[in-house]
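Novice: Provided below are the primary sequence and the corresponding predicted coordinates.
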Amino acid sequence: MRKNIDYHAARWDEPLIMQLGTPGERGVLLPACEKQILEETDDPANILPAHLLRQTPPELPEVSQPRVVRHFMRLSQMTMGFDVTPDISQGTCTMKYSPKINEVFCQSPKLRQLHPYQDEETVQGILEIIYKLKLFLCEISGMDDFTFQPGGGSQAIYTNACIIRAYHEANGEGEKRNEIISTAFSHPVDSAAAHTAGFKVITLMPESNGYPSVEALKAAISPRTAGLMITNPEDTGIFNPHIHEFVDLVHEAGGLCSYDQANANGILGIARAREAGFDMCHFNLHKTFSSPHGCIGPGCGAVGVSDKLVRFLPVPRVSFDGEKYHIEFDHPDSIGQVRNYNGNIPAVLRSYAWIMSLGAEGLKRVAEIAVLNNNYLTKKISQIKGVTIAYPEGGQRLEQTRFSWETLTKDTGVTTEDVRRRIVDYGIQSYHTSHHPIIVPEPFTLEPSESFSKEDLDLYVEIFSKVAEEAYENTEVVLTAPHRSTTYQVDRSGCNDPEQWAMTWKAYRRKHLK
Amino acid sequence: MADKKCFVHPYIPNSAPAVEQAMLEELGETAAENLYRVIPDNLKLHRKLDLPEPLVSEYELKRHVEKILAKNQTCDEYISFLGSGYWHHYVPAVCSEIANRAEFLTAYWGDTYSDFGKWQAMFEYQSLMGELLNMEVVSSPTYDWSSAASSAIMMAVRITGRSDVLVPSNISKGRLSQMKNFIHGRANLKTVEYTANGTLSLEDLHKKISADTAAVYFENPTFFGCFETQGKEIADLAHKAGALVVVGVDPSSLGIVNPPADYGADIVCGDAQPLGNAMNYGGGACGFIATQDDERLVAEYPTLLVSIAKGENEDLWAFGECTHERTSYVKRGDSPDFIGTSQWLNAITSGVYLSLMGPAGMKELGEGILRRTAYTIKQLSSLEGVRTPVFNGPHFKEFIVNFDATGKTVAEINKKLLSYGIFGGKDLSRDYPEFGQSAQYCVTEVHSLDDINRLVSALKEVLA
């Protein structure tokens, strides 16, 4: 082991904010009302009806500014963001470098201090960014229009499900077409959002090559088919080569095809939704297009649709008349609003800047290097004792790979959850195992995006080799991990016990500090 | 640039030719594009994407983007009276500092052993909101208030097993659109009229409430800015009918106003945007759902719920997800709702804000807004042809200003106000034709006496 052997996470033993401060301390002061306002208005206790007046002040802590800053700085230090570790671990999440210059743009009051209801004359700059990013994504996907209203990938999938619903309703087939087909290795929300939108979901299971057969799809298709909602490459990193046939079959049956492009990083500039025949798609701007993941958002699920579906897109929309940009509401067939206002616009601005920095050639290099990195990493990881690649018959992987520790578990009793905790001791992020259902035993999923160097990959492999070796030779150290993290292994079963769980300090006090 | 081997980009370490070559050799390949043989040829693009020439130097990119952004006029440069459910508040520097910490900004799904600080920050946000709302369970964030309200209503539908949800027509049209879209075909949304005071009509509620009613939803303050003064009466009526009470609330009011839990709310929702999140042209949203700690209610939350896990002693703890199998990640095609990447960094920022503000800060915030609102209404109502407030009673932040008697449209007035350096209130004539030529004005703690007086004198001139 060359590096990271001496790693130790920050362990500040920091109290909860609710335990800090003393009565009377203040963290920030607000402008007081001027004398004239005080003279001409009544006391709030008289303005408000007595029954609306809060009698008991909220039990918020009273903490001075330096202590608040120190507290949250410490919490940040106990968080392993991308910027402090080569985060190859979170497969399916496309962890990549978020350029610092884009954060400079996002700190501009020219973005921060814009209200979504401003006169369009006063927001021509941000509307230009929104409009131009739409054009870029249309070219990248082959779709004809985009919306950035959805606040994440899940909400984007939901938006596509609503558009599928609206399309069939407009054709008088809303009642009849009530089934969506998805696959077991598509993101769970492809099923969940479709169900939320009122559809019954049919899930196709993988064959030995990792993807479902054309025959299985044919058996699922019926006059009730509303659409196909699918990821490709799937969460395993396997590309379904029959995707065009899938799309054609669903089209022949009268359904629409929605492409979940959360896993698009390996195919930018290589393959598009349009050539595969899809009617709609979505990109995660917080994954593929470099907007930071922000501790689980804010992100942006950019939804793209082909011509025949443009009329159903959410409102408001941004248009351009050749001179000025406009905000439009007047689209009677629109599904309406899926989220307030125009979306998480900082993610839009960052994505615009990222594409402008890379251009067509750069985007293709992103994809190629992401796929090269993954094939290099996959070869090395699969050589580690105890590791197998899920679905070896599935052919070359694209941007990510699902592996299995099944052999390691059989040999040593060490599970994927144990390894997941142990790698943290070497300063790398805990990895993504698998979404449900857990089909691959003892799974883990790695995605070395274009942001990692060969040195990063080699170090990562070395750490995995070391942990596998520990599993065989010093099992206990893996089973009892972590040892050099912010905290030790804690029994978290109480989080699922109504008597013990506590989502707030208020509940914790009642249940545990009686 | 024709030879792509020369395209070395700072964001892509292995685009350096020698490294790329070494890795290809390791794989026995000659070119990276050969790694795509799994993709059938007819699915490939076979041409270069048609995108603008890249600005590969950071300096050129900066010039380019800043030039576009410079075309925006901001609420710093103008005095803005825009609100309508999304607000210009002061964002303390500490909030921005913490929200920009790279560790938080660039983390994602890591567990408690790698992202301990993130989980603690989220638990603290939930806890601080719990104090403000007087509720024991607070969700991790939803996308925004409207998605929180939509999910909360459907929670009530599942809990009661009933079909109707009653929603007053004094909520925003956007929110109503989003709710309808969300519950489409799964429940019946019925609107309840509002009274001449802007509050929910108890008479109409009486008429519409039944044994089929799953939820009665209302907001406090209402979208119109006046308070819903009959919270307890509505809650009693709903509970008598066996329905749940879902209340949407602006959390910035709760330093002085009773939390909905105290007048009978079963589920509370809203948006933490006003608590330390910059407007960002709509990107500051942070929806929340809150209830008491009742197993039956917890089982229906669609969001992640962060629980503290007690270790062997008081000094040792960790954080975990409460009942992850509840969520769409596990329920998949049987899930009645969904969650995914939402607005966590905004929630962490709101936790910082509440930590800074404390009980005194939240009280002063509420009091200051109440008084500034009252003052602004008083000054504007003295203008000839101007009628405000349209509804009686105290207002918080928002109030409606009617210009019918001036013979001018809101659009005309707002265009003219721009030349005075003012963003006038939101034009309501499209969404609420019943108000005629009316605008919704909003004041918060950011408005000084001088700002308000400048509005009054500008309007005097514009309307003359």
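Specialist: Perfect, I can see it now.
Novice: Tell me which stretches of the stretch 101-250 of chain A form helices.
Specialist: A:109-112, A:124-141, A:153-170, A:188-196, A:214-220, A:243-252 (DSSP state H, counting those that start in this stretch).
Novice: next one: chain B
Specialist: B:17-27, B:58-69, B:93-99, B:102-105, B:116-133, B:145-160, B:173-183, B:202-208, B:231-240, B:295-298, B:328-331, B:344-381, B:410-418, B:449-463 (DSSP state H).
Novice: Could you dump those helices into a markdown table with distance to residue A:73 added?
Specialist: For the C-beta atoms, the positions are set from N, CA and C on the backbone; glycine is no exception. Output for the helices of chain B, formatted as a markdown table (distance: least, CB to CB, whole Å):
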| stretch | distance to residue A:73 |
| --- | --- |
| helix B:17-27 | 36 |
| helix B:58-69 | 27 |
| helix B:93-99 | 8 |
| helix B:102-105 | 9 |
| helix B:116-133 | 9 |
| helix B:145-160 | 30 |
| helix B:173-183 | 37 |
| helix B:202-208 | 50 |
| helix B:231-240 | 40 |
| helix B:295-298 | 33 |
| helix B:328-331 | 31 |
| helix B:344-381 | 11 |
| helix B:410-418 | 42 |
| helix B:449-463 | 34 |
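Novice: Please name whichever of the helices of the stretch 101-250 of chain A is nearest to residue A:428.
Specialist: helix A:153-170 (24.4 Å; CB to CB).
Novice: follow-up on the earlier one: if you compare the helices of chain B, which one is most tucked away?
Specialist: helix B:116-133 (a mean of 28; mean count of other CB atoms under 10 Å in any protein chain shown).
Novice: Quick check, residue B:277 in contact with residue B:352.
Specialist: No. Taking CB atoms under 8 Å as the definition, residue B:277 is not a contact partner of residue B:352, at 10.2 Å.
Novice: what sits in contact with each of these two?
Specialist: residue B:95 (CB atoms under 8 Å, 6 or more residues apart in numbering or on different chains).
Novice: any idea of the pLDDT on the spatially closest residue to residue A:341 that is not a sequence neighbour?
Specialist: In space, and not counting its chain neighbours, residue A:341 is closest to residue B:282: 3.1 Å by CB to CB, 6 or more residues apart in numbering or on different chains. Listed pLDDT for residue B:282 reads 96.
Novice: Could you do the one 4 residues further on as well?
Specialist: If you check residue B:286, the pLDDT there is 98.
Novice: what sits against residue A:419?
Specialist: A:405, A:408, A:444, A:467-468, A:471, A:478.
Novice: again with residue A:272
Specialist: A:140-142, B:45.
Novice: Where does the record place the domain boundaries for chain B?
Specialist: B:4-59, B:79-88+B:360-463, B:93-354 (automatic domain parsing).
Novice: For residue B:404, state which of the contacts of residue A:272 is nearest.
Specialist: residue A:141 (47.9 Å).
Novice: wait, isn't the closest one in contact with residue A:268?
Specialist: No. Here residue A:141 does not reach residue A:268: they are 9.9 Å apart, not a contact under CB under 8 Å.
Novice: got the residues of the stretch 151-300 of chain B near chain A?
Specialist: By CB under 8 Å from any CB of the partner chain, the residues of the stretch 151-300 of chain B that approach chain A are B:174-175, B:177-178, B:180-182, B:184-186, B:227, B:229, B:231-232, B:254-259, B:263, B:278-283, B:285, B:293, B:295, B:298.
Novice: change it to 6 Å
Specialist: Listed as neighbours of chain A in the stretch 151-300 of chain B under the rule CB under 6 Å from any CB of the partner chain: B:174, B:177-178, B:181, B:185, B:227, B:229, B:256-258, B:278-283, B:293, B:295.
Novice: What subset of the residues you listed is buried?
Specialist: Neighbour counting over these (16 or more other CB atoms under 10 Å in any protein chain shown) leaves B:174, B:177-178, B:181, B:227, B:229, B:256-258, B:278-283, B:293 as the buried ones.
Novice: Without its sequence neighbours, what residue ends up closest to residue B:27?
Specialist: residue A:375 (5.6 Å).
Novice: The one you found: neighbour count?
Specialist: Neighbour count of residue A:375, defined by other CB atoms under 10 Å in any protein chain shown: 24.
Novice: What average pLDDT does the helix or strand containing it get?
Specialist: According to DSSP states H and E, residue A:375 maps onto helix A:345-382. In this model, helix A:345-382 has an average pLDDT of 98.
Novice: what's the answer for stretch A:29-42, then?
Specialist: 97.
Novice: Count residues in the vicinity of residue 187, would you?
Specialist: Let's take chain A. Around residue A:187 there are 27 residues (other CB under 10 Å).
Novice: try chain B instead
Specialist: That count, for residue B:187 with other CB under 10 Å as the rule, works out to 21.
Novice: so it touches residue B:166, yeah?
Specialist: No. Residue B:187 is not in contact with residue B:166 according to CB atoms under 6 Å; the separation is 10.7 Å.
Novice: Quick one: closest of the domains of chain B to residue A:195.
Specialist: Comparing these against residue A:195 with CB to CB, the closest turns out to be domain B:93-354 (5.2 Å).
Novice: now the spatially most central residue of chain B, nearest residue through space, not along the chain?
Specialist: Nearest to the mean C-alpha position of chain B, by CA atoms, centre = their mean, lies residue B:285 at 3.0 Å. The shortest distance from residue B:285 to any non-neighbouring residue, by CB to CB, 6+ apart, is to residue B:144 (3.7 Å).
Novice: Tell me which residue lies farthest from the centre of chain A.
Specialist: residue A:39 (51.6 Å).
Novice: Could you tell me whether it really is in a helix?
Specialist: Yes. Counting by DSSP: H, G, I helix; E, B strand; the rest coil, one finds residue A:39 located in a helix.
Novice: What's the local residue count around the residue nearest to residue B:191 when sequence neighbours are not counted?
Specialist: Excluding its sequence neighbours, the residue lying closest to residue B:191 (CB to CB, 6+ apart) is residue B:169, at 4.6 Å. Neighbourhood size, residue B:169 [other CB under 10 Å]: 16.
Novice: Quick check: phi and psi on residue B:169?
Specialist: Recorded main-chain torsions at residue B:169 are phi -80, psi 10, according to degrees, to the nearest 10.
Novice: Likewise for residue A:337?
Specialist: phi -110, psi 130.
Novice: Excluding chain neighbours, what is closest to the residue of the stretch 351-464 of chain B at minimum distance from chain A?
Specialist: Residue nearest to chain A within the stretch 351-464 of chain B: residue B:356 (3.2 Å; CB to the nearest CB). Excluding its sequence neighbours, the residue lying closest to residue B:356 (CB to CB, 6+ apart) is residue A:27, at 3.2 Å.
Novice: check which helix or strand covers that neighbour.
Specialist: Going by DSSP H and E, residue A:27 is not in any helix or strand.
Novice: ok so, going back, may I see the buried residues of the helix holding residue A:375?
Specialist: A:345-381.
Novice: Flag the shaky bits of chain A, pLDDT-wise.
Specialist: A:1-4 (pLDDT under 70).
Novice: from what I can see residue B:108 touches residue A:294, true?
Specialist: No. Counting by CB under 6 Å, residue B:108 stays clear of residue A:294, with 8.1 Å between them.
Novice: contact partners of stretch B:265-282?
Specialist: A:112, A:114-116, A:126, A:341-342, A:345-346, B:87, B:89, B:91, B:95, B:133, B:144-145, B:148-149, B:152, B:244-249, B:251-252, B:260, B:284-291, B:346, B:349-350, B:353 (CB atoms under 6 Å, 6 or more residues apart in numbering or on different chains).
Novice: Identify the farthest-apart pair in the buried ones among the residues of the stretch 151-300 of chain B next to chain A.
Specialist: B:281 and B:293 (36.8 Å).
Novice: I'm done for today, thanks for sticking with me.
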